[in-house]
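Undergrad: Here is the input, now give the coordinates:
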Amino acid sequence: MQLKKIRIIHFITSLGIGGAENVLYNLLKQNDNQIYEHEIICLNSGGLLKKKIKQLNIKVICLNLDKNFIKGILKCYGYINKKKNKKKIIVQTWLPHADLIGGLISKICGLHKIIWNIRIAKFTKDSFKFKTFLIVLFNGIFSYFIPKKIISCSVAGIKTHIKLGYNKKLFYLIHNGFKRKKIFKRSFKLSKKFTIGIFSRYHEVKNHSYLFRALGILKKKNYKFNLLLLGPNIYSQNKRLLKDIKINNIYEEVIFINKKGILDITKYFSYLDLYVLCSKTEGFPNILGEAIVNGVNAISTNVGDAKLMLPSKLNLIPNKNDLKFSKKIEYFINLSKNKNYYNNLAYRYSSIFYKKYSENKMINKYNYLWKVI
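TA: Residues are numbered from 1 along each chain as shown. Okay, the predicted model is just below:
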């Protein structure tokens with residue numbers, strides 16, 4: 001006798017390239033079609049992952065709330081309300097707007113197996129709109145009535161949301177998972193100089209200026225290095241970014257990767273000797289994990305769960321101290337003079353990291369929760 005599939009409806013804000021979107025896509029890609037049947041409801045018009053998800057033969061519905069909010073809400077209500085066997089359907093929502101809208105509509109329509117998925121660890125003025133923060137606060141109240149479980153990708157995220165009034169009994173930790181990577185030899189580089197990388201959008205919260213100032217100090221000390229920049233709004237015509245680079249006198253050291261919509265950045269890690277994450281806030285910083293699993297030594301500010309991901313306290317940098325930050329980079333530059341030791345250090349921790357944060361572990365945790373809820 002064939003078992004009935006577990007039906008899961010995912011609500012997500014967009015299908016662009018982001019941490020939550022990539023985790024969802026990886027879950028769908030590794031789906032056991034004999035057990036689970038997924039469909040996606042996207043609050044806006046979609047994004048780069050929309051086509052890739054459709055190629056997996058998974059239904060995608062876009063509500064276009066950014067264009068016509070009322071029409072999109074009514075469309076969603078009508079679609080969910082027509083669902084049969086509502087007691088057996090699981091609703092998985094991703095990010096605050098989807099938690100609120102997807103959770104409320106599903107609850108009103110009689111669906112009760114609702115799982116929220118939070119990805120934020122800290123709220124700052126620079127990183128989130130006030131309207132988003134209000135939604136997060138409303139969700140804190142609704143957390144006692146709507147979800148049966150709340151997934152968080154970080155310990156830091158759980159602590160933050162409990163402080164904001166969320167129902168602490170519902171939290172379930174699932175760290176992001178990573179695929180095992182084929183690690184390229186560090187000889188595959190853009191230049192012979194020590195190459196530092198930061199792969200993120202140019203934004204106040206990502207704190208590029210902090211790195212630029214630290215590197216400006218190193219340049220004054222006659223250290224030779226390159227800085228590889230990659231991200232959604234990273235290009236040499238970005239006037240604010242260019243000004244920030246030139247003020248710190250490191251324009252000659254910067255290499256821009258001017259590519260849009262990159263889904264796989266694996267090859268760019270092979271150019272690096274050191275990956276730097278200097279954000280003011282993160283949850284579970286996926287890009288830091290990608291660097292480590294790709295065999296790159298990495299340093300980070302103590303944000304979100306970065307401390308849990310790094311091999312030791314030696315890999316932490318202060319949140320606000322240009323000089324100490326520059327000395328940390330200087331330490332790794334000097335360490336890299338023994339190439340074999342330096343590379344083996346990165347490779348060894350890559351293996352340790354993968355055992356702790358493998359994609360299979362993540363998928364198994366999601367599968368378990370979907371089965372028992």
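Undergrad: Every contact and neighbour count from this point should use C-alpha atoms.
TA: Will do.
Undergrad: Check the burial of residue 240 by counting its neighbours.
TA: Using other CA atoms under 10 Å, residue 240 is surrounded by 10 other residues.
Undergrad: Show me the contact partners of whichever strand or helix holds it.
TA: Using DSSP states H and E, the element containing residue 240 is helix 239-247. Under the criterion CA atoms under 8 Å, 6 or more residues apart in numbering, residues 202, 209, 212, 234, 236, 251 lie in contact with helix 239-247.
Undergrad: Confirm the fifth one sits in a helix?
TA: It refers to residue 236. No. Under DSSP: H, G, I helix; E, B strand; the rest coil, residue 236 falls outside any helix and is assigned coil.
Undergrad: quick one: it from residue 27, how far?
TA: Distance of residue 236 to residue 27, computed by CA to CA, to the nearest Å: 35 Å.
Undergrad: Can you pull out the residues in contact with the helix or strand in which residue 351 is found?
TA: With secondary structure defined by DSSP H and E, residue 351 is part of helix 339-356. Applying CA under 8 Å, 6+ apart, the contact partners of helix 339-356 are 178-180, 183, 186, 292-297, 309, 311, 335-336.
Undergrad: tell me which residues in that helix are buried?
TA: By neighbour count, and taking 16 or more other CA atoms under 10 Å as the criterion, the buried residues in helix 339-356 are 342-343, 346-347, 349-351, 353-354.
Undergrad: about what we covered before: heading C-terminal from the helix holding residue 240, find the next helix or strand.
TA: In N-to-C order, the element after helix 239-247 by DSSP H and E is strand 254-257.
Undergrad: So what touches that next one?
TA: The set of residues external to strand 254-257 that reach it, using CA under 8 Å, 6+ apart, is 226-231, 234-236.
Undergrad: hmm, back to that, quick one, which of the contacts of helix 339-356 are buried?
TA: 178, 180, 183, 292-297, 309, 311, 336.
Undergrad: Helices of the stretch 251-373 of the chain, start to end?
TA: Residue ranges of the helices in the stretch 251-373 of the chain, as given by DSSP state H, counting those that start in this stretch, are 266-269, 286-293, 306-309, 322-335, 339-356, 359-372.
Undergrad: do the stretch 101-250 of the chain as well
TA: Counting by DSSP H, counting those that start in this stretch, the segments of the stretch 101-250 of the chain that form helices are 130-142, 155-163, 208-220, 239-247.
Undergrad: Mean neighbour count, those: which tops it?
TA: Mean neighbour count, computed with mean count of other CA atoms under 10 Å, is highest for helix 208-220 among the helices of the stretch 101-250 of the chain, reaching a mean of 20.
Undergrad: and the angle from it to helix 239-247?
TA: Here helix 208-220 points in a direction 20 degrees away from that of helix 239-247 (axes from the mean of the first three to the mean of the last three CA atoms, to 10 degrees).
Undergrad: Report the contact partners of the nearest residue to residue 60 once chain neighbours are set aside.
TA: Excluding its sequence neighbours, the residue lying closest to residue 60 (CA to CA, 6 or more residues apart in numbering) is residue 40, at 4.7 Å. Under the criterion of CA under 8 Å, 6+ apart, the contact partners of residue 40 comprise 9-12, 58-61.
Undergrad: Between residue 236 and residue 27, tell me which one has more neighbours.
TA: residue 27 (19 against 14).
Undergrad: any idea which element that one lies in?
TA: Secondary structure from DSSP H and E places residue 27 in helix 19-29.
Undergrad: which secondary structure elements does that helix contact?
TA: Applying 3 or more CA pairs under 8 Å, 6 or more residues apart in numbering; DSSP states H and E, one finds that helix 19-29 contacts helix 48-54.
Undergrad: Determine how far the helix it packs on lies from the middle of the whole chain.
TA: Its chain's average C-alpha position is 18 Å from that of helix 48-54, according to CA atoms, centre = their mean, to the nearest Å.
Undergrad: before we move on, what about stretch 4-13?
TA: 21 Å.
Undergrad: same question for it, mean pLDDT?
TA: Over the span of stretch 4-13, the pLDDT mean works out to 93.
Undergrad: Can you point out the buried residues in that stretch?
TA: Of the residues in stretch 4-13, 6-13 count as buried by neighbour count, 16+ other CA under 10 Å.
Undergrad: got the contact list for that stretch?
TA: For stretch 4-13, with CA under 8 Å, 6+ apart as the criterion, the contacting residues are 21, 34-44, 88-95, 97-99, 102, 370-371.
Undergrad: And the buried ones among the residues you listed, selectable in ChimeraX?
TA: This is the ChimeraX syntax for the buried subset of the contacts of stretch 4-13, where burial follows 16+ other CA under 10 Å:
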select :21,36,37,38,39,40,41,42,43,44,89,90,91,92,93,94,95,97,98,99,102,370
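Undergrad: Looking at the contacts of stretch 4-13, which are in strands?
TA: When DSSP state E is applied, those are split such that 36-42, 89-94 fall in strands.
Undergrad: Check those and tell me the two furthest apart.
TA: Distances among the ones in strands among the contacts of stretch 4-13 were taken as CA to CA; the most separated pair is 36 and 42, at 19.2 Å.
Undergrad: picking up where we left off before, could you export the buried residues of stretch 4-13 to CSV, including columns for secondary structure and distance to residue 131?
TA: Compiled in CSV, the buried residues of stretch 4-13 are given as follows (DSSP: H, G, I helix; E, B strand; the rest coil; distance: CA to CA, whole Å):
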residue, secondary structure, distance to residue 131
6, strand, 35
7, strand, 32
8, strand, 28
9, strand, 26
10, strand, 23
11, strand, 19
12, strand, 17
13, coil, 15
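Undergrad: Format these as a markdown table; extra columns: distance to residue 152.
TA: Formatted as a markdown table, those follow (distance: CA to CA, whole Å):
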| residue | distance to residue 152 |
| --- | --- |
| 6 | 22 |
| 7 | 22 |
| 8 | 18 |
| 9 | 18 |
| 10 | 16 |
| 11 | 16 |
| 12 | 15 |
| 13 | 17 |
